[in-house]
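Enquirer: requesting a structural model of the entry that follows:
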Amino acid sequence: MKVDNEAGSVALNRLHANGDDLRSTPALEDADRELRASIAAHGLLEPLVVRRHDEEWCVVAGHRRYRALCALAAAGEIADDAAVHCTILHDDVDSTEAALAENVVRVAMHPADQVTAFKRLADEGASTEDIANRFGLAKVTVEKRLRLGNLAPEVLAEYRAGNMNQEAAQAYATTADPEAQRRVFKAVADDYGYHREHAILAKLQENAMRSDSALAKFVGDDYHDAGGAAEITLFTDYSHWTDVELAERLARAKLERIVARLREIGWKWAELWDGEHWNIHQHHRQTHPQRHRRAPTVEEQAVLDKAAALGTKWEAEGLDYDELQPDEQREWDEASARADAVAEALEERTFTPEQMAGSGVLVYLGHDGEVVLKEGLVRKGDPMPGEAPATTSDPAGAADAAGEQPPPKPKSYSQKLKDNIMGLRNAVLRDVLRENPAVAQDALSFSLVLALFTGHSHGFYPDLPIAVRREHNPRLPVDGASDELKRYIDDPEWQPAFLGQSQSIGEMFEAFRELPADAKDAVIAEVCCRLLCDKPGGEDAPFDLHAAIAQETAAAWAPRLLAVDEHAFSVETFWKKLRKDQIIDECRPYLGDEWATGAEQLKKGQLAADAAQRMRAHPDWLPKGFHVAHPETANPESA
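Expert: Here you go, the predicted structure:
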């Protein structure tokens, strides 16, 4: 049976480190500062473990505490000979074993218990500054722990039980509203089964905006000047702007001022772009700025003249660069570099007044909040600057010549609705193509022919129906779509069975060649479906290769979408995004003129709901944006 070690006190100036500290990895400076503050405020709560050596005492365990005591003595906060509580080891106890046992057997306090203890101190009246000073912590650290201590009880209990990590707990603590924490806590648990930091933050910020978002950076101080509220999160580098409507209104007003200025300086049109940035050139053609050289300023001309004079001087002397002296080489290098910079600055690219009068500008925000101007764009159907407008010999054209104006063409769908329809249209086209491998293979082969033999560089022909590289083909989301439709559009990942990570490329190719013909056809069809570009349909669509592919499969689209979700075209996804006249125009061929007459008296919300309900009785109906162009109906100007 071991004899108990003794407890006693030893003067600090009689203690010495034994040079055998098992903690060879130093603690962080913040941790050492916290320890010194704790000892100064509360005394030494855990005795040092020491052993007598002659007339001195060696510290066996507790070297960090010993160094903290020495630092306090050096600072004059305790006496050099202050009595230190110690556990004195007997001679038969191994020092290394004792030091290891003291460090290993100890169980650290769970962070949830730490924050609860901090909250108790605050509830008892201790200020944030007082707690920070007593424990040697930064004030913001105390604020964070107190915020964690104010988590909703069920969230804190889950953290204490080990069912979420500290990052997830901090995500919940980004809001001080316990009801918001409870709501998101339940939603995240229901959706994911476990608590993910990113999912928590996303749900907490559904009705807020991050201060480092592109729109917030663009609006800047105008938001606060207009009385916009912000919630400090403590655990992130950004705050939450809670008045999203105000921020969006300020941003739109600021952008519209830019648009107005662009119109004033001579552009034919300028407007805000709300669609996908990569999709701009599917709806516009591009005219490019003209390159010209402006006259140099007096200072710029002096730089050019100096470089020319040096070159003329050394050329007259018959000297090459390598024959110059080092200082002459340095002089030439500096002069020529400055002249090159001036020459580059003199080369300008600007749009001519004629180009501006025949083209326009789209304005949108970049990823970092900067304003992006896409200049020199020509809407498809409009003539390029310098081209004569397209003429027509149809009766409408004759009426124009006679001075009669044709009826105005109805406005088309909004760009956002066009994108919604395009996402759905191409999802069902991909799906049906899988059952038509012959069409898929022909489309894939012909697209590669176009890519390789039409003279376009970089292996990507912009008008192909098939993306040569997968990154050219992002999936378009559909606002308001059901979960079933989202999964259908997302096109979940699929891996051919013959692609094995442990096989070489050659072995995988042999496995592919050995596939039965129908299995090989299915693989090629899948490749075509995954590379199929999203392109619009409808009345303005050209009869191109994409339309030709669609024409082969369009009969199966409506029943296929109906099988996925009978409410694919709901009020949210489609009907409320139309104007009243567009809703009536969509439904009139199916519901009749009598219904259309009564529909004109309804408010738009009522009309959208009524149309969505009635058109479910017509499973063969698809929006006009689904229509497939035919050679005899396609708009040649949109090609």
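Enquirer: run through who's touching the host helix or strand of A31.
Expert: Element membership of A31 [criterion: DSSP states H and E] is helix 29-42. Contacts with helix 29-42, where a contact means Cβ atoms under 8 Å, 6 or more residues apart in numbering, come from 45, 64-65, 67-69, 71-72, 77-78, 133-137. The way it works is simple: take the backbone N, C-alpha and C, and place the C-beta from them, glycine included.
Enquirer: which of the residues you listed fall within helices?
Expert: In this view, the contacts of helix 29-42 that belong to helices under DSSP state H are 64-65, 67-69, 71-72, 133-135.
Enquirer: can you pull the pLDDT of D237?
Expert: For D237, the pLDDT comes out at 75.
Enquirer: flag the shaky bits of the stretch 351-500 of the chain, pLDDT-wise.
Expert: Along the stretch 351-500 of the chain, the model assigns pLDDT under 70 to residues 388-412, 445-477, 491-494, 498-500.
Enquirer: and the strands in it?
Expert: Applying DSSP state E, counting those that start in this stretch to the stretch 351-500 of the chain gives strands spanning 360-365, 371-379.
Enquirer: now do the end-to-end distance for stretch 130-144.
Expert: When the termini of stretch 130-144 are compared using Cα to Cα, to the nearest Å, they are 15 Å apart.
Enquirer: which stretches of the stretch 1-150 of the chain have low pLDDT?
Expert: Using pLDDT under 70, the stretch 1-150 of the chain drops low at 1-4, 19-28, 92-111, 135-137.
Enquirer: just the strands in it please.
Expert: Taking DSSP E, counting those that start in this stretch as the criterion, the stretch 1-150 of the chain carries its strands at 6-11, 15-17, 48-53, 56-61, 83-88.
Enquirer: do you know which of these lies nearest V184?
Expert: Among these, the nearest to V184 by Cβ to Cβ is strand 56-61 (45.2 Å).
Enquirer: partners of the closest one in the sheet?
Expert: For strand 56-61, the paired strands and their directions (DSSP bridges) read strand 15-17 (parallel), strand 48-53 (antiparallel).
Enquirer: coming back round to it: so which of the strands of the stretch 351-500 of the chain is the most surrounded?
Expert: strand 360-365 (a mean of 20; mean count of other Cβ atoms under 10 Å).
Enquirer: name the helices or strands packed onto that strand?
Expert: Helices and strands touching strand 360-365, by 3 or more Cβ pairs under 8 Å, 6 or more residues apart in numbering; DSSP states H and E, are helix 214-219, helix 244-264, strand 269-272, strand 371-379.
Enquirer: coming back round to it: as a markdown table, the ones in helices among the contacts of helix 29-42 with neighbour count and distance to I489 would be great.
Expert: Shown next, in a markdown table, are the ones in helices among the contacts of helix 29-42 (neighbours: other Cβ atoms under 10 Å; distance: Cβ to Cβ, whole Å):
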| residue | neighbour count | distance to I489 |
| --- | --- | --- |
| R64 | 16 | 58 |
| R65 | 21 | 62 |
| R67 | 17 | 62 |
| A68 | 22 | 61 |
| L69 | 23 | 66 |
| A71 | 17 | 64 |
| L72 | 18 | 66 |
| N133 | 15 | 57 |
| R134 | 16 | 57 |
| F135 | 19 | 53 |
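Enquirer: isn't L424 up against S482?
Expert: No - the pair L424 / S482 is not scored as a contact, 11.6 Å apart, by Cβ atoms under 8 Å.
Enquirer: now stretch 262-281 - C-alpha only, PDB.
Expert: Written as PDB, here are the backbone C-alpha positions of stretch 262-281 (Å, rounded to 0.1, in the frame of the first residue of the first chain):
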ATOM      1  CA  LEU A 262     -25.400  56.000 -69.600                       C
ATOM      2  CA  ARG A 263     -28.500  56.900 -71.600                       C
ATOM      3  CA  GLU A 264     -27.600  60.600 -71.300                       C
ATOM      4  CA  ILE A 265     -24.100  60.100 -72.800                       C
ATOM      5  CA  GLY A 266     -25.500  58.600 -76.000                       C
ATOM      6  CA  TRP A 267     -26.200  54.800 -75.600                       C
ATOM      7  CA  LYS A 268     -29.300  53.700 -77.500                       C
ATOM      8  CA  TRP A 269     -30.500  51.900 -74.300                       C
ATOM      9  CA  ALA A 270     -29.200  51.000 -70.900                       C
ATOM     10  CA  GLU A 271     -30.900  48.800 -68.300                       C
ATOM     11  CA  LEU A 272     -30.300  46.700 -65.200                       C
ATOM     12  CA  TRP A 273     -29.700  43.000 -65.800                       C
ATOM     13  CA  ASP A 274     -31.300  40.600 -63.300                       C
ATOM     14  CA  GLY A 275     -30.500  37.300 -65.100                       C
ATOM     15  CA  GLU A 276     -27.500  35.000 -65.000                       C
ATOM     16  CA  HIS A 277     -24.300  36.800 -66.100                       C
ATOM     17  CA  TRP A 278     -23.100  33.900 -68.200                       C
ATOM     18  CA  ASN A 279     -26.400  34.000 -70.100                       C
ATOM     19  CA  ILE A 280     -26.100  37.500 -71.500                       C
ATOM     20  CA  HIS A 281     -24.700  36.500 -74.900                       C
END
